[in-house]
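Asker: Sequence plus the predicted model coming up.
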Amino acid sequence: MRAVIVERTGGPEVLTLVEQETPEPGAGEVLVHVAAGGVNFIDIYQRSGAYPLPLPFVAGSEGAGTVSALGPGVEGVSVGDRVAWAMVPGTGYAEQVVVPAARLVPVPQEVELETAAAAMLQGMTAHYLVNSTFPAQPGQTALVTAAAGGVGLLLCQLLRDKGVRVIGTVGSAEKAELAQANGADEVVLYRQDDLVETVERLTSGDGVDVVYDGVGKDTFDSGLRLLRPRGTMVLFGAASGPVPPVDPQSLNTGGSLFLTRPTLAHYAADREELLWRAADVLGAIAEGRLSIRVGGRYPLAGARQAHEDLEGGRTTGKLLLLP
């Protein structure tokens with residue numbers, strides 16, 4: 001079977017398509033024939049060495065497919081089941097992967113496997129951000145950075161459904177239209193408009209209750225300035241680079257602000273919570289209440305191009321690799 005591996009850390013050029021033996025599932029594991037693998041910023045961090053993994057490794061950690069074999073002791077999963085997963089390193093960019101049965105979730109028949117692969121990491125991320133990290137409430141105002149990205153589009157939809165006013169940042173008029181079609185009430189074209197001035201004008205100087213920031217270095221300071229007293233900065237990514245060290249006193253002077261740096265791994269740590277979030281997301285897709293935008297589909301041989309497009313800010317929605 002074919003897989004994309006990383007033998008040394010570095011730029012997108014280190015992604016190498018190779019032939020490997022089909023892996024065998026061990027105790028508590030299943031073999032899955034992959035229909036689609038998700039491409040995420042965490043893959044870039046792992047490929048570059050920012051998030052170190054033992055070398056060599058198969059890139060990717062998210063996907064969906066059909067169970068083709070069971071390891072010893074597996075219960076509750078059968079050959080032929082349609083399943084999806086996220087946050088399982090070494091299981092995304094390949095034709096066949098071994099996944100612990102405890103990390104799999106069932107995919108409803110109404111949901112295509114490509115859609116399920118596109119929804120897992122980003123969908124559950126948006127879910128925990130608006131339901132758990134900062135439980136958004138009707139009448140609040142939220143600032144969502146990169147509102148036309150994969151997580152951004154889902155945040156806009158979920159926040160809209162909760163009655164939250166959404167202000168999104170985008171890099172182009174095309175992305176602005178996309179964000180607004182998915183629930184953003186207003187958008188800021190950050191390349192031509194000053195973010196702080198624009199949001200202060202839109203909120204009559206009151207600021208926002210929460211900032212959902214997946215961009216990091218380029219937007220963090222502005223986001224803090226735009227928070228109302230006792231507002232919350234939710235820093236969940238670093239697409240523009242890591243945020244420099246923060247003086248806790250700045251949270252005091254900003255108005256007794258809250259700052260958190262959450263990750264999905266801690267919000268889906270046990271199986272019950274994983275199944276709850278996945279069922280909510282996939283169920284909403286099945287019922288037509290949540291829309292997943294796939295912004296790019298690539299063959300395994302196109303993994304390098306997918307990383308270059310994602311890093312270059314040339315994408316909207318979700319990127320998939322299709323073995």
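Answerer: Arrived safely.
Asker: what's the burial count for Thr91?
Answerer: Other residues within reach of Thr91, judged by other Cβ atoms under 10 Å, total 26. Glycine gets a C-beta too; all of them are placed from N, C-alpha and C.
Asker: And for Pro52?
Answerer: By other Cβ under 10 Å, neighbour count at Pro52 equals 10.
Asker: and it, what helix or strand is that in?
Answerer: Using DSSP states H and E, Pro52 sits within no helix or strand.
Asker: what's near enough to touch it?
Answerer: Counting by Cβ atoms under 8 Å, 6 or more residues apart in numbering, Pro52 makes contact with Thr9, Gln46.
Asker: One more: Gly255?
Answerer: Here Gly255 is in contact with Leu227, Arg228, Pro229, Arg230, Gly231 (criterion: Cβ under 8 Å, 6+ apart).
Asker: got it, and Ala284?
Answerer: Leu290.
Asker: ok, it to Glu110 distance?
Answerer: 11 Å (Cβ to Cβ, to the nearest Å).
Asker: swap in Pro242?
Answerer: Distance from Pro242 to Glu110, by Cβ to Cβ: 40 Å.
Asker: now do Pro135
Answerer: Pro135 is 28 Å from Glu110, by Cβ to Cβ.
Asker: Which stretches in the stretch 201-323 of the chain count as strands?
Answerer: Ranges of strands within the stretch 201-323 of the chain are 208-213, 227-235, 258-260, 294-298, 318-321, based on DSSP state E, counting those that start in this stretch.
Asker: mind putting those in CSV, distance to Glu308 and mean neighbour count included?
Answerer: Shown next, in CSV, are the strands of the stretch 201-323 of the chain (distance: least, Cβ to Cβ, whole Å; neighbours: other Cβ atoms under 10 Å):
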stretch, distance to Glu308, mean neighbour count
strand 208-213, 24, 26
strand 227-235, 25, 19
strand 258-260, 31, 14
strand 294-298, 11, 18
strand 318-321, 11, 26
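Asker: one step back: which among the contacts of Gly255 gets closest to Ser256?
Answerer: Arg230 (5.2 Å; Cβ to Cβ).
Asker: wait, isn't the closest one in contact with Gly254?
Answerer: No: Arg230 is beyond contact range of Gly254, at 9.8 Å (criterion: Cβ atoms under 8 Å).
Asker: so where's the stretch 101-250 of the chain shaky on pLDDT?
Answerer: Counting by pLDDT under 70, the stretch 101-250 of the chain shows no low-confidence range.
Asker: what are the pairing partners of the longest strand seen in the chain, and which direction each?
Answerer: Looking across the chain with DSSP state E, the single longest strand is strand 29-39. Applying DSSP bridges, strand 29-39 is found paired with strand 63-70 (antiparallel), strand 96-100 (antiparallel), strand 318-321 (antiparallel).
Asker: Out of the ones you listed, which gets nearest to Gly168?
Answerer: strand 318-321 (17.0 Å).
Asker: who touches the closest one?
Answerer: 4, 36-39, 60, 92-93, 114, 117-119, 122, 150, 292-300, 302-303, 306, 309-310.
Asker: From start to finish, how long is stretch 304-321 in a straight line?
Answerer: Stretch 304-321 has its terminal residues 11 Å apart, counting by Cα to Cα, to the nearest Å.
Asker: go on, stretch 134-150?
Answerer: 19 Å.
Asker: can you map out the strands along the stretch 51-200 of the chain?
Answerer: 57-58, 63-70, 82-85, 96-100, 105-106, 141-144, 165-170, 186-189.
Asker: got TSV for the ones you listed, with distance to Ala176 and mean neighbour count too?
Answerer: Shown next, in TSV, are the strands of the stretch 51-200 of the chain (distance: least, Cβ to Cβ, whole Å; neighbours: other Cβ under 10 Å):
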stretch	distance to Ala176	mean neighbour count
strand 57-58	37	18
strand 63-70	31	22
strand 82-85	31	25
strand 96-100	37	21
strand 105-106	34	19
strand 141-144	13	28
strand 165-170	5	27
strand 186-189	4	20
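Asker: So what pairs up with Ala94 in the strands?
Answerer: In this entry, Ala94 is beta-bridged to Ala3, by DSSP bridges.
Asker: For it, give me the pLDDT.
Answerer: With respect to pLDDT, Ala94 has a value of 98.
Asker: For it, give me its contacts.
Answerer: Counted by Cβ under 8 Å, 6+ apart, Ala94 has contacts Met1, Arg2, Ala3, Val4, Gln20, Val34, Gly37, Val58, Gly60, Leu300, Pro323.
Asker: would JSON lines of the residues you listed with distance to Gly80 and pLDDT be doable?
Answerer: Below are those laid out as JSON lines (distance: Cβ to Cβ, whole Å; pLDDT from 0 to 100):
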{"residue": "Met1", "distance to Gly80": "19", "pLDDT": "96"}
{"residue": "Arg2", "distance to Gly80": "23", "pLDDT": "98"}
{"residue": "Ala3", "distance to Gly80": "23", "pLDDT": "98"}
{"residue": "Val4", "distance to Gly80": "26", "pLDDT": "98"}
{"residue": "Gln20", "distance to Gly80": "24", "pLDDT": "95"}
{"residue": "Val34", "distance to Gly80": "15", "pLDDT": "98"}
{"residue": "Gly37", "distance to Gly80": "20", "pLDDT": "98"}
{"residue": "Val58", "distance to Gly80": "24", "pLDDT": "97"}
{"residue": "Gly60", "distance to Gly80": "23", "pLDDT": "98"}
{"residue": "Leu300", "distance to Gly80": "24", "pLDDT": "97"}
{"residue": "Pro323", "distance to Gly80": "18", "pLDDT": "93"}
